[in-house]
Each structure stands twice: as structure tokens, then as C-alpha cells.
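Chemist: Mind folding the following:
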Amino acid sequence: MDLTSVVCESSDFKGLCQEVQNNSISKSILLFSKDVLYSTHFAKCLAVAIFNNGHFIENEHFAKVSTETHPDQKTYPKKDKLLVSDSEEIVMESYIKPIFADKKVFIIKSIDNSMDSAQNKLLKILEEPPENVYFILTCANSNLVLPTIK
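Modeler: Numbers count the residues shown, from 1 in each chain. So this is what the prediction gives:
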């Protein structure tokens, strides 16, 4: 069984897809897993489901998210850990209208490895995101994520 199948069969993923379908999903989601590869893959699958209104479909959104070429899905950090400059870019990018889809999805990997100042820069946008903008954050150690983000 491949990783996509494992993610899509999980009850957590199915529950989040149901929330997307019901339009009740939070705009900011923190995924916790000790397995960084799994949480990153889960985040990408969830982005596909968000673009497809709660359905995981291997369509053009899937292809573009998988190859990291989707213009409305951005992944951070660009280097090893999230920097203040990355957070500033995320905030600016979140206010730009989507190009290809009717939503934008930001995946912020390993938020627990970022500097507190970078996390602080994201607080307001995570609390009050623009319309049709979603944030999926991953972490392996939730104790290193600012309580205000959790």
C-alpha cells in the first residue's frame, strides 16, 4: 500500500474531508506526527481535498500539488526552517487572489523547527485568514509550537 492510500484511508483524513464538505473545517490546521514524511504527505493530500471541496481526486489539482507546481498551493519553509522573511512572505501572499483555483492553501512544514519570531509573525493571519485561504501546519514536537498557534 502506498503512502497516499494510507493517508486517504485514515479516519483523521476522512474526518477532515467531511469537514471540508460541510464547510466547517478550520482555516488553520496543525497536524502532529513524529513522522515528518507522513505529515507532509498528509498535508499535500489535504490540500488536494480542499481544492476539490472535500474529495480526494487524482485530477489536475492532485497533479499540480504532487509536483509542487500548483500556483495556489505554497509550501514553506523554503530552506531548513521557517524564517521571519518566510512568514512575511506568507502573510503578503495570502492576500493575493488565487490564480488556478477558488482557494489558496499554504503548507508550513515543521513549524516546531522555526524561530519563535517567525511563528509570532504568523499569529494574526492564522487567527483571521483571508477568505478562501487555508493554512496546514505540520509539527513533530508540539511543545515547540507557540501556545497561541496551538
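Chemist: only C-alpha atoms for contact and neighbour calcs from this point on.
Modeler: Noted.
Chemist: Output the longest helix belonging to this protein.
Modeler: Scanning the chain for the helix with the most residues, using DSSP state H, yields helix 36-51.
Chemist: Outside of the longest strand along the chain itself, which residues are in contact with it?
Modeler: When the chain is parsed with DSSP state E, its longest strand is strand 133-139. With contact meaning C-alpha atoms under 8 Å, 6 or more residues apart in numbering, strand 133-139 is reached by 26-34, 36, 39-40, 43, 94, 103-113, 126, 145.
Chemist: next one: stretch 48-59
Modeler: 8, 16-21, 45-46, 61-62, 65, 101-103.
Chemist: Can you tell me which of those residues end up in strands?
Modeler: Per DSSP E, strands hold no members of the contacts of stretch 48-59.
Chemist: Buried subset of those as a ChimeraX selection?
Modeler: In ChimeraX, this line selects whichever of the contacts of stretch 48-59 come out buried by 16 or more other C-alpha atoms under 10 Å:
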select :8,16,17,18,19,20,21,45,46,61,62,65,103
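Chemist: taking the contacts of stretch 48-59 one by one, which sit in helices?
Modeler: Checked against DSSP H, the contacts of stretch 48-59 include these in helices: 8, 16, 17, 18, 19, 20, 21, 45, 46, 61, 62, 65.
Chemist: I'd like the distance between the residue positioned nearest the centre of the chain and residue 48.
Modeler: Closest residue to the average C-alpha location of the chain: residue 136 at 2.3 Å, with C-alpha atoms, centre = their mean. Per C-alpha to C-alpha, to the nearest Å, residue 136 is found 12 Å from residue 48.
Chemist: and if you look at residue 8?
Modeler: Distance, residue 8 to residue 48, using C-alpha to C-alpha: 11 Å.
Chemist: residues near the residue nearest to residue 122 when sequence neighbours are not counted, how many?
Modeler: Leaving out its chain neighbours, the residue that sits closest to residue 122 by C-alpha to C-alpha, 6 or more residues apart in numbering is residue 87, at 6.0 Å. Residue 87 sits with 22 neighbouring residues when counted by other C-alpha atoms under 10 Å.
Chemist: dump the residue contacts of residue 87.
Modeler: Going by C-alpha under 8 Å, 6+ apart, residue 87 touches 118, 119, 121, 122.
Chemist: Show me those residues that map onto helices.
Modeler: Checking these against DSSP H, those in helices are 118, 119, 121, 122.
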